[in-house]
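Q: Got a sequence here, can you build the structure:
(3 chains)
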Amino acid sequence: MSALKFVFGSPTVCTGCMICANACSMFYFKVISPTRARVRVMRFEDGLDFPLFCRNCEDAPCKEACPEGAISRTSKGVLTVNNTRCNGCGSCVKACPYDAISVNPDSGKAIKCIQCGECVKRCPVEAIWITTQKELADKDKNGRLPPLYDKHKAELYSRGEFL
Amino acid sequence: MATVTVRFFATVREITGTKSIEIEAEDINDMLTKLGQTYGKSFTNAVIDSSSGQLKRFYSCMVNGKRIELIDGYQTRLKDKDVVALFPPVGGG
Amino acid sequence: MIKGVGGQGLYIDLTSQSIKKKPLDEQVVRKYLLGAGFLSRTLFDMIPDGTDPLGQENVLGFATGLLTGSMFPQSSRHVIAALSPLTGIWGESHAAGFWGPELKLAGYDSIIFTGAARKPVYLRIQDSTVELLDASSVWGHDVFETDTILKAKHGRNCRVLSIGQAGENLVRFAAVMNDRDRASARSGIGAVMGSKNLKAICVRGTGKLEVAEPRTYLKEMDELHRRMLANPFTPGRAEFGTTSLIELMQHIGRLPTYNMRQGVFDGYDKIGGHAINQGHLIKPRADWSCLQRCGRFTCVSEGPYAYTGGSPEFESQAALGSRCGNANLESVLYSHHLANQYGMDTISLGGTISWAMEAWEEGLLTEDDTGGIDLGWGNHESIVKLTKMIAFREGFGDLLAEGSARAAEKIGRGSERLVMAVKKQEIAGQEPRAQKSMGLAAVTAARGADHLYGFPVLDEVGFDDEIRKRFGEQYLPQMADRLDPTYKGIMVKECEDFMVVVESVGLCKYGTQIPPEFYYADIALGLKIHNGLDISVQQLKTIGERIVNLNRLFNARFGITRKDDALPDRLTKEKAPVGPSKGQVVELDRMLDEYYSSRGWNLKTGLPLKSTLKKLAL
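A: Next comes the predicted model:
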């Protein structure tokens, strides 16, 4: 399989403006609503702002957890939700280690980032980009980014508490 | 020919890498040309509108606190000890 | 039905603890928009004549703009209004952040508070749940602690707006803060909140804004975003925010120094944008839908002034720096941080301390008055100490907490002439002898001395193109010349009308007035695609004029006439002593005549003519 892609962002570049989240909910649901976006943005008082997306995990716990078999991987490696099968039970939400999947309160269907790039092209500071694990490691040669995410992981990935 | 002090601010200072310079120039046109020679393309590209040869929109140049548009524009004559300030677009309150 | 709004207003009586919801009235919106215009109409009707600003009968209003929470660039803002305890007239203050958009996402456009709670309370909004809760866990706490405590209790994603100790202690220039370091600072609106025993409003909205034209929305907004990013101002805004205005103001002689004795400060480069960026800037930060990101996150890493938090903008640098003769940057940063923490307006804070410093220099204030605090120019330890003492009304801070005008009235001794205020509110960071339009705008602003009500920056460095576009070639070059009083009345009028519209739709003055990127037609487009409102450019202009006139009528009820539209003698009679504006005074009367004429106001009284009110359907 070709390397799995995901969207990732720099918390030191992100300004927290929410344009990614609003573009996402507008693009997919024709509304402005951060709770209906497939990206979350979290601000911290040490000056970091995290834009947070599906990491497109190799082992895909969301896919494994779905009792309806509604989550599958496309030929391009994107994990997508089949809306006909999804019944909004939320098992995937609980399974995701990155709080990157949620249930849209209007449709009752699970929603997640599918790396469409609509937010990436609108970010005014180029804080987010589509990447792979390898590319990211090359880009972040000094390993500056992982510790920043680690520092706040309890709040960033709270298994739904801060969704 | 007058010896004047040119002060740079905000993003212009980041290009020149210095707060100010003493320079000999007849007038503003002459001064801008000489600054271009001193600081090179990165300066000219940032500050000068290539079609008009004048400062880009919203850039301001002041001689002793007075904007050149209210004196003689780019022909404003310089005299010894004049202080010329060069600002990128900046303003407000 | 109006799209892209919360749809309901909250009407809360704190005395009886009753909470009512009313749908947004489209007729009011068509006449006054939302935000500042909506509050101007609502509070005009609700606040009785003779109201005590700190009494139960004052009404405190919060409102978002029509475009607040949209994808229009810089659409994060909300407005707060009440009768001001600082000026005794129309009080209004605005802030950016995320609180306004969150309120809309919870389903509300405005909140109107009447009465006063017997014990401290805070309002909690979680979508349809709206409740007044006991505030004993946060009363007495500062703004940052309150934010932390309420988020711990109600969830990390809440947006918190609150007062700090300054508001609780009824400091007359107390601010209302939101999202920790966003300040609705002017007019002492925080003291009104304190007087009502209302500590905070904690909002969580998980709803959605449905827009009028969803199919073309992103495409239209993309174009506005593209324009904002392409604007020549944007790179510098991102790099310096407003902090490098210090350097510009020094060069036009407009940097208030030594209590506005002069407009240049020798230590300017120590407190300017370059100085902040060297070692104190962590990163630029933005509010909702902001592409310019002039907000900064900063720190002082060690020493007595260590902190991490929001950066001062130009106004705070000038107020706590040059105005007080203070070139110690770390103390400027720190006293600004304390002002945020305790919830105070830095402009009035610096304006009041600098008044005291000049009175000290002239021997009108002594150690007997100050309790031993040295008020020599630039004594940064005293500035920091007083910031805290004012917030807690300790010792000499209790006098200064009244603001410079009242403090001078209390001590007398001729210190009144050193008060640099209009209608008891301290003049902001624009030495008006260096920019005449700012002098006029400070006296015509509805909320007392204020640079933002009209924000006439078109002559600051001279926006010839913009003046040509808005007014016509015939006004050049005079209108663009900051030292020439000619046409400034016309300019300030136009700018005020535009700015109140901007405040009523929830946009930022950066991106509309300066840089002049979005103008009426762009706002009309926004209202059409976001709200589904077909309001023409001409109608918007009329609405702006109507709001300004309504604010003036409000103030007329509280005794304001032309005689109050006055600057301190220093600025109209004493020539600027040094710098690029040396020899200048503000030719106020001449500009006022022109202003009243272009407004259709009586030249003698400064009040709107009947024909003007009729034309505006007031």
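Q: C-alpha from now on. contacts and neighbour counts both.
A: Fine.
Q: For chain B, what's its nearest residue on chain A.
A: Relative to chain B, the nearest point of chain A is A:Val125 (17.3 Å; C-alpha to the nearest C-alpha).
Q: so that residue sits right up against A:Cys14, yeah?
A: Yes: because the distance of 6.9 Å satisfies C-alpha atoms under 8 Å, A:Val125 is recorded as touching A:Cys14.
Q: Who has more neighbours out of those two?
A: In terms of neighbours (other C-alpha atoms under 10 Å in any protein chain shown), A:Cys14 is the more surrounded of A:Val125 and A:Cys14; the figures are 26 against 16.
Q: right, and the secondary structure at that one would be what?
A: Taking DSSP: H, G, I helix; E, B strand; the rest coil as the rule, one finds A:Cys14 in the coil state.
Q: Next, count neighbours for the nearest residue to it once chain neighbours are set aside.
A: Nearest residue to A:Cys14, sequence neighbours excluded (C-alpha to C-alpha, 6 or more residues apart in numbering or on different chains): A:Ala127, at 5.1 Å. Neighbours of A:Ala127 under the rule other C-alpha under 10 Å: 18.
Q: residues contacting A:Ala127?
A: Going by C-alpha atoms under 8 Å, 6 or more residues apart in numbering or on different chains, A:Ala127 touches A:9-11, A:13-14.
Q: Go again with 7 Å.
A: Applying C-alpha atoms under 7 Å, 6 or more residues apart in numbering or on different chains, one finds that A:Ala127 lies in contact with A:9-10, A:13-14.
Q: mind listing the helices in chain B by residue range?
A: Using DSSP state H, the helices of chain B run over B:10-16, B:28-47.
Q: helices or strands up against the last one?
A: Contacts of helix B:28-47 with other secondary structure elements, assessed using 3 or more C-alpha pairs under 7 Å, 6 or more residues apart in numbering or on different chains; DSSP states H and E, are made with helix B:10-16.
Q: burial count for residue 91?
A: Looking at chain A here, since you left the chain open. If you count neighbours by other C-alpha under 10 Å, A:Ser91 ends up with 18.
Q: Correction: the question concerned chain C.
A: Applying other C-alpha under 10 Å, we find 25 residues neighbouring C:Gly91.
Q: Which of the three states applies to A:Phe8?
A: Judged by three-state DSSP, the three-state class of A:Phe8 is strand.
Q: Packing partners of the lowest-mean-pLDDT helix or strand in chain B?
A: Every helix and strand in chain B was compared by mean pLDDT, DSSP states H and E; the lowest is strand B:66-67, with a mean of 90. Using 3+ C-alpha pairs under 7 Å, 6+ apart as the contact test, no helix or strand touches strand B:66-67.
Q: Give the pairing partners of that strand; include direction for each.
A: Partners of strand B:66-67 in the sheet, by DSSP bridges, are strand B:60-63 (antiparallel).
Q: and the top helix by length along chain A with chain C, contact?
A: In chain A, ranked by residue count with DSSP H as the criterion, the top helix is helix A:19-29. Yes: using C-alpha under 7 Å from any C-alpha of the partner chain, helix A:19-29 comes into contact with chain C via A:Ile19.
Q: Just the buried positions in that helix, please.
A: Under the neighbour-count criterion of 16 or more other C-alpha atoms under 10 Å in any protein chain shown, helix A:19-29 has A:19-27, A:29 buried.
Q: and it, C-alpha only, in PDB?
A: What follows is helix A:19-29, C-alpha atoms only, in PDB (Å, rounded to 0.1, in the frame of the first residue of the first chain):
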ATOM      1  CA  ILE A  19     -10.900  29.300   9.200                       C
ATOM      2  CA  CYS A  20     -10.100  25.600   8.600                       C
ATOM      3  CA  ALA A  21     -13.000  24.500  10.800                       C
ATOM      4  CA  ASN A  22     -15.400  26.900   9.200                       C
ATOM      5  CA  ALA A  23     -14.400  26.100   5.700                       C
ATOM      6  CA  CYS A  24     -14.800  22.400   6.500                       C
ATOM      7  CA  SER A  25     -18.300  22.700   7.900                       C
ATOM      8  CA  MET A  26     -19.300  25.000   5.100                       C
ATOM      9  CA  PHE A  27     -17.900  22.800   2.400                       C
ATOM     10  CA  TYR A  28     -19.500  19.600   3.700                       C
ATOM     11  CA  PHE A  29     -22.600  20.700   5.500                       C
END
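Q: need the next SSE after that helix, C-terminal direction.
A: Sequence-wise, the next helix or strand downstream of helix A:19-29 (DSSP states H and E) is strand A:31-32.
Q: where does chain C come near chain A, residue by residue?
A: C:156-157, C:206-211, C:214, C:284-291, C:297.
Q: among those residues, which ones are buried?
A: Among those, those scoring as buried are C:156-157, C:206-211, C:214, C:284-291, C:297 (criterion: 16+ other C-alpha under 10 Å).
Q: about what we covered before: can I get the helices of chain B in CSV including mean pLDDT, distance to C:Gly107 and mean neighbour count?
A: CSV is the format used below for these (pLDDT from 0 to 100; distance: least, C-alpha to C-alpha, whole Å; neighbours: other C-alpha atoms under 10 Å in any protein chain shown):
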stretch, mean pLDDT, distance to C:Gly107, mean neighbour count
helix B:10-16, 93, 42, 19
helix B:28-47, 95, 46, 16
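Q: Number of residues surrounding residue 79?
A: Assuming you mean chain A. Residues contacting A:Leu79 under the criterion other C-alpha under 10 Å number 23.
Q: Chain C, not that one
A: Counted with other C-alpha under 10 Å, the neighbours of C:Val79 add up to 26.
Q: Chain neighbours aside, what residue packs nearest to it?
A: Nearest non-adjacent residue to C:Val79, counting by C-alpha to C-alpha, 6+ apart: C:His94, 4.5 Å away.
Q: mind checking the SS state of the one you found?
A: Three-state call for C:His94 (three-state DSSP): strand.
Q: For it, give me its contacts.
A: Shown in contact with C:His94 (C-alpha under 7 Å, 6+ apart): C:77-80, C:184.
Q: Closest one of those residues to chain A?
A: Proximity of those to chain A (C-alpha to the nearest C-alpha) peaks at C:Arg77, which lies at 12.9 Å.
Q: Need phi/psi at the closest one.
A: When quoted as degrees, to the nearest 10, the phi and psi of C:Arg77 stand at phi -100, psi 150.
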